[in-house]
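Engineer: below is the sequence, then the predicted model.
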Amino acid sequence: MKKENFIWNAIKTGLLGGAVAIFICLIGMVEIFSKRDVIEKTITLGQFVLLATSVVAGFVASRRTLSLLGQNKPVPNLIAGLLAGLFTGILIALLVIFGNQVNLRAVFLNASPALYDLLTLKKGMGNIWVLPTAGAISGLIGAAYLLLPQILRGPINRSLLFVIFMALFSGLFRVVMINQGPGMEIAAKFLFGQSGLTLSGTIIFFIIVVAITMFWNNKGRDIQTSISRLPKNRQLSLRVLTFALIAYIALGLPLVSGPFIAQVIVTVVLFILMGLGLNITLGFAGLLDLGFVAFYAVGAYTVGLLTSYGQYGLQHIPFWVAVPIAVLVAMAFGAVLGLPVLGVRGDYLAIATLGFGEIVRLLAGSDFLAPYFGGPQGIIGIQKPCLGILGEFIKVDAPRICNGIELGKPQDIYYIAVASALLIAFVAWRLRESRLGRAWMAIREDEDVAEALGINLIQTKLLAYMLGAAFAGLGGAIFATLIGSIFATSMQLIVSINVVSLIIVGGMGSIPGVIVGAIALIGLPELLREISEFRFLLYGATLIVMMLAKPEGLWPSQATKRELHHADADNITAENLI
Amino acid sequence: MRTSLGERLLDLAVSGFLWGFRILIVAAILIGTIASIRAGKYTSEQWIDFVVFGIAQGSIYALIALGYTMVYGILRMINFAHGDIFMTGAFGAYFLATWLNSTGFIDKNPLLGLLIPILFAMLVSAGIAMLVERIAYRPLRGAPRLVPLISAIGASFFLEYAFRGFFGPGKYAYPPIKALEGSWNILGVGILKVQVIVTIAAFVMMAILYSIVMYTKMGKAMRAVSENKDTAALMGIDINRIIVSTFAIGAAMAGAAGVLFSLVYRQIDFYMGFTPGIKAFTAAVLGGIGNIPGAMVGGIVLGIFESVGPSLFLEGLGIPRPYQLKDVIAFTMLVMILLFRPSGILGERLTTKKA
Amino acid sequence: MAPILTAKKVTKRFGGLVAVNAVDFEIPEKSIVSIIGPNGAGKTTFFNCITGFGKCDEGEISFEGTPIQRLRPDQITKLGISRTYQNIRLFADMSALENILVGQHVFLNSPWFSAVLGTPKVRKEEKTALSEAQRLLNFVDLKGKGDMLARNLPYGAQRRLEIARALATKPKLLLLDEPSAGMNPRETEDLTAFIHRLRDELGITILLIEHHMRVVMGISENITVLDYGEKIAEGTPAQVQSNPRVIEAYLGRGAATEGMATAHERYTKKAG
């Protein structure tokens, strides 16, 4: 009986994989991803995604077989993987066959001849056998992976991730390296193709990372112990050295990467900045603020109104004065919006703050407030920061002349952004270790008990909310200066969701996490046009996956506590009271 | 130690602020209304137009709100993706209706031309909702409240942009039903046929839902689970099945609402579910979350306020192009309800925790 | 001695259910008193009314002369009432020391920006707080476990930590909700001695909810019995033990038999 079970299981997994693959085709991912290579001229990103689906199907099927049949019978596992991959491929083939008979395009835009061409490698229906075969082989690989000994799996995992990372960011690395000089240029062209990695590059990276990981697994601990045995000042100097290295790269990067990439990097840093701000509200205090964009807007509009030279610029105030004002205004806004709303329970708070964000956006772009905020046309002509003295305010349509250095390029704004981010990180770090930080954590863990220990909930939450607002305002202010103009239509919910996702993906409350989150969620789509197309789709999927994978890690388990109660009145919190 | 002076001042500030806010809103509404009526810019016919449109719009919101309220009543979870379920129904119906239209079916059988797309929309929505429940919500049933909410937000984006991927970013024109063009003369007032039919259809669906919940075995089981999940389980009710059915029925209502919405507004696009979704949630809270008649009442009230509001009080306050701020009215109502009367007009009905 | 807490006609309803019905109650200062009663009798709800957790619908409660029935929980704590919970509600992902430090929140008064700047005042405050937390840790026999995550502590240690955290607020009245739940006889004896210390050394008035009769009878100067939200008896342990209504409430009608009287004698002898 069990033998039948595992086969049926594998087939089911394959069908599921096939459905996922068809979904990926129909949303247009395959077509768009095919424009970029992972390994130059060998595998496109589109093909990679489909192959990955089969590999995963094979892996899942194999794992289920493992749990059905017990350990270490390699043959059934491989068969399961093969079957799963095979069926994934069959379903894709069916899509092509069906699509050639029926005009699917009337409904699904992407079910086009172009897609079918891609799927059959441009050789038409005769080539359809490729799909099930490729599927079967990938499924087999997925299953085989499970059979690898543990020592090999770790390094291979890391390598794969690293190689994919390099492949995706190959454009960035190539440009940066070419800019370094002729020697680097040769290396760059050897490792990175026009799009994606070269075949040799792939192999080299893969082997290097496997080697390093295996080496570290073997010798890593020894190295760590020998480091900890070094005298304290040596350890300190090692740390300082690492920081210096990171700082060097961070500070030097925009100078070598060209204007487009510099712009991307600034954007990433600004989102890190806002992420650190929201981290205080959400990561420390556990308040899901979906209206974060409202404070971003306040900061942006304040700077816009104060510094722009167009008709809406109220005053012509230098950047360095305008930005702190923007931060204070945003903070005040945070107080005003937060006071009424922070007594409300968690999920309602999320929706209420979302409402605020929308209200701010609608009001800012309305004709009603157009005389003050520019209406749908927004505000343009925001003055760039000037290290020096600003010249006379001459006339309405021109910027004031900067008698000094004008920091107009993205690279310049980058340094301002980095400095601000460091400031916020410092503030956050200090607060976390303080009485306030503990109070926030207590509120997040168990609000009622926190209150019973003497913490004034509304005031403590308000501080978190206001600080988040202040830093959102800072982000908005710098962004406005970077872009030079603001439009109410860009103050959408999606900005709030962006920042929330950053924090969730990176791990709440963790500063390096916010950085990783920003690079992944903001940097990647900006650099890769193809991913940009599916950015929000991937955000959505990421949020779901993060919640499924680590919900308890993000919030402590109130649920487990509830499960423990019987007729327990003390678990009737104020929320549950009717 | 006693509460510090600073804290007491802040407490006073909070209450003062809340009171001031209430007074401000009420004053704004009164002043605006009086000014509008004095200015006499709109005839009584136009006012009736606004109200009727508000009722039609509101009944659509009510249909969507039912889904929110039922799911919250059982699972204490805001199904953020519900508005997008509404959108999926509209799309499903669109393709079927377009095909039917091309064969002339709809012109010959207007009633069926209305009902069949609705049924199909209900199926599509229910199906997708059950899929979302299975993938994004079921594994998170025990988790703290914000976790399923974030998952729901993820699901919402996923649905929106998946549909954008499938069908493109553009707007599609929903095929109108010829029989519904024009207006009827009711009591001397000309009212658009579409609006009447939409309102009637919505009420019929709500009545059906109400009977299901009140009189069928499953409905009773749903109410039991809504009251007290643990006891219901002890009575032999399959909690899982009930939860899935709740999602499915709520989604079906939303799908039907999608068709009705398309008939009124004639256009659909992948993002159409976002704002109606939030408004429907507002309606659900307005009427009392977890309370099914409440969702219906809340929807109608919201619809009327939204439709009449801009001309009634915003214009009186001297706001140019008040219709731009139509959504602001809805969002402000949302915030006010959450602040001042979170239990809604008819009161909450939630799963109790105490045995 | 003047009562430190007076409750008059305290009533709490949940929808149609009356959980606490017009209960009158007094706690003499620096005494150890208990509330007992069958499950669902409303004991914890009554606790909640006192601590401000869910306001009582009717009635008055005053603490040291100040009416507290309309106050928020944090305000009540600042007046000097603290509690522990039936199901341990520690901050699981914070360390033992951090849990206690949260309890000291009301005594650390520097504003947040001082914390950012790291002024000497803040640093001194934190240092004092930390040593006080250590002291409390030692007081409850958890010396050296300060950096362990609360979720990783064994059950008995968690209970003691919760008490330490409650003590950090420097209460005058401490409410303990089933503190001996899950403890073995040895631990229970230690607990009883500990409660005595709290009163004798620190001058704290103790109000206990307990099911463990040995603890109750042995430690309480006064016992109040609740059943279905109503006070059905009050008095010294001896008086309560022999009260037929109490026996009935716990054991059902007709349980006031010879057999039960013998069992109660045994209890009285142990409690001494």
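Structural biologist: Noted; the coordinates are in hand.

Engineer: longest helix of chain C?
Structural biologist: helix C:120-139 (DSSP state H).

Engineer: close to chain B, is that one?
Structural biologist: No. Residues of helix C:120-139 are not located near chain B by Cβ under 8 Å from any Cβ of the partner chain, the shortest gap being 14.8 Å. Yep, even glycine has a C-beta here, placed from its N, CA and C like the rest.

Engineer: what does the stretch 51-200 of chain C put close to chain A?
Structural biologist: C:51, C:53-54, C:72-74, C:77-78, C:82-83, C:85-87, C:89, C:91-94, C:98, C:101-103, C:105-106, C:108, C:110, C:112, C:115-116, C:118, C:122, C:125-126, C:129, C:165, C:168-169, C:177.

Engineer: and residue A:267, what helix or strand is that in?
Structural biologist: Assessed by DSSP states H and E, residue A:267 sits inside helix A:258-278.

Engineer: helices or strands up against the helix or strand following that helix?
Structural biologist: Per DSSP H and E, the first helix or strand lying C-terminal to helix A:258-278 is helix A:292-307. Here helix A:292-307 touches helix A:258-278, helix A:319-341, helix A:346-364, helix A:370-373, strand A:379-380, helix A:457-483, strand A:485-486, helix A:493-506, going by 3 or more Cβ pairs under 8 Å, 6 or more residues apart in numbering or on different chains; DSSP states H and E.

Engineer: give me the nearest residue to residue A:112, chain neighbours excluded.
Structural biologist: residue A:105 (5.6 Å; Cβ to Cβ, 6 or more residues apart in numbering or on different chains).

Engineer: okay, the one you found and chain C: tell me how far apart.
Structural biologist: Counting by Cβ to the nearest Cβ, to the nearest Å, the separation of residue A:105 from chain C is 53 Å.

Engineer: doesn't residue A:111 make contact with that residue?
Structural biologist: Yes. Between residue A:105 and residue A:111 a contact is recorded at 5.2 Å, counting by Cβ atoms under 8 Å.

Engineer: more neighbours, these two?
Structural biologist: With neighbours defined as other Cβ atoms under 10 Å in any protein chain shown, residue A:105 and residue A:111 compare such that residue A:111 has more, 23 against 13.

Engineer: give me every residue that touches the more buried one.
Structural biologist: Contact analysis of residue A:111 by Cβ atoms under 8 Å, 6 or more residues apart in numbering or on different chains lists A:25-26, A:95, A:99, A:104-105.

Engineer: go with 10 Å
Structural biologist: A:22, A:25-26, A:28, A:95-96, A:98-99, A:102-105, B:166 (Cβ atoms under 10 Å, 6 or more residues apart in numbering or on different chains).

Engineer: about what we covered before: give me the common contacts of residue A:105 and residue A:111.
Structural biologist: Both residue A:105 and residue A:111 are in contact with residue A:99, where contact means Cβ under 10 Å, 6+ apart.

Engineer: what's the helix or strand for residue C:193?
Structural biologist: Here residue C:193, judged by DSSP H and E, is contained in helix C:185-202.

Engineer: any idea which helix or strand comes after that helix?
Structural biologist: strand C:205-209.

Engineer: quick check on the residue in the stretch 151-272 of chain C that chain B sits nearest to: phi, psi?
Structural biologist: Residue of the stretch 151-272 of chain C nearest chain B, by Cβ to the nearest Cβ: residue C:170 (8.4 Å). Reported as degrees, to the nearest 10, the phi and psi values for residue C:170 are phi 50, psi 60.

Engineer: look up how far residue C:199 lies from it.
Structural biologist: Distance of residue C:170 to residue C:199, computed by Cβ to Cβ, to the nearest Å: 15 Å.

Engineer: what of residue C:113?
Structural biologist: 41 Å.

Engineer: give me the pLDDT value at residue C:176.
Structural biologist: Looking at residue C:176, its pLDDT stands at 93.

Engineer: in a helix, it, correct?
Structural biologist: No. Judged by DSSP: H, G, I helix; E, B strand; the rest coil, residue C:176 forms no part of a helix; its state is strand.

Engineer: how close does it sit to residue C:216?
Structural biologist: Remark: distance between residue C:176 and residue C:216 (Cβ to Cβ) = 11 Å.

Engineer: now do residue A:415
Structural biologist: Distance of residue A:415 to residue C:216, given as Cβ to Cβ: 69 Å.

Engineer: do the same with residue B:232
Structural biologist: Taking Cβ to Cβ, one finds residue B:232 at 37 Å from residue C:216.

Engineer: count of neighbours near whichever residue of the stretch 101-250 of chain A sits closest to chain C?
Structural biologist: Residue nearest to chain C within the stretch 101-250 of chain A: residue A:228 (19.1 Å; Cβ to the nearest Cβ). By the criterion of other Cβ under 10 Å, residue A:228 has 8 neighbours.

Engineer: so residue A:318 makes contact with residue A:307?
Structural biologist: Yes. Contact criterion Cβ atoms under 10 Å: residue A:318 and residue A:307 qualify, at 7.3 Å.

Engineer: compare those two and say which is more crowded by neighbours.
Structural biologist: Using other Cβ under 10 Å as the criterion, residue A:318 and residue A:307 rank with residue A:307 on top: 30 against 17.

Engineer: the strands in chain A, which residues?
Structural biologist: A:37-39, A:43-44, A:379-380, A:386-390, A:402-406, A:485-486 (DSSP state E).

Engineer: what is the burial count for residue B:217?
Structural biologist: The burial count for residue B:217: 7, using other Cβ under 10 Å.

Engineer: gap between it and residue A:65?
Structural biologist: Taking Cβ to Cβ, one finds residue B:217 at 41 Å from residue A:65.

Engineer: rewinding a little: overlap in contacts, residue C:176 and residue C:216.
Structural biologist: Contacts common to residue C:176 and residue C:216, judged by Cβ under 10 Å, 6+ apart, are C:34, C:208-210.

Engineer: pLDDT weak spots in chain C?
Structural biologist: For chain C, the stretches with pLDDT under 70 are C:1, C:252-272.

Engineer: got the domain boundaries for it?
Structural biologist: Partitioning chain C according to automatic domain parsing yields domains covering residues C:1-80+C:171-272, C:90-170.

Engineer: could you redo those domains as a markdown table and give each row distance to residue A:324 and mean neighbour count?
Structural biologist: Listed next are those as a markdown table, based on distance: least, Cβ to Cβ, whole Å; neighbours: other Cβ atoms under 10 Å in any protein chain shown:
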| stretch | distance to residue A:324 | mean neighbour count |
| --- | --- | --- |
| domain C:1-80+C:171-272 | 33 | 18 |
| domain C:90-170 | 15 | 19 |
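
Engineer: what's the closest of the ones you listed to residue A:526?
Structural biologist: Closest approach to residue A:526 among those (Cβ to Cβ): domain C:90-170, 32.4 Å.

Engineer: straight-line length of the closest one, end to end?
Structural biologist: Start and end residues of domain C:90-170 are separated by 18 Å (Cα to Cα, to the nearest Å).

Engineer: just confirm residue A:307 contacts residue A:301, I think it does.
Structural biologist: No. Assessed by Cβ under 10 Å, residue A:307 is found out of contact with residue A:301, at 11.1 Å.
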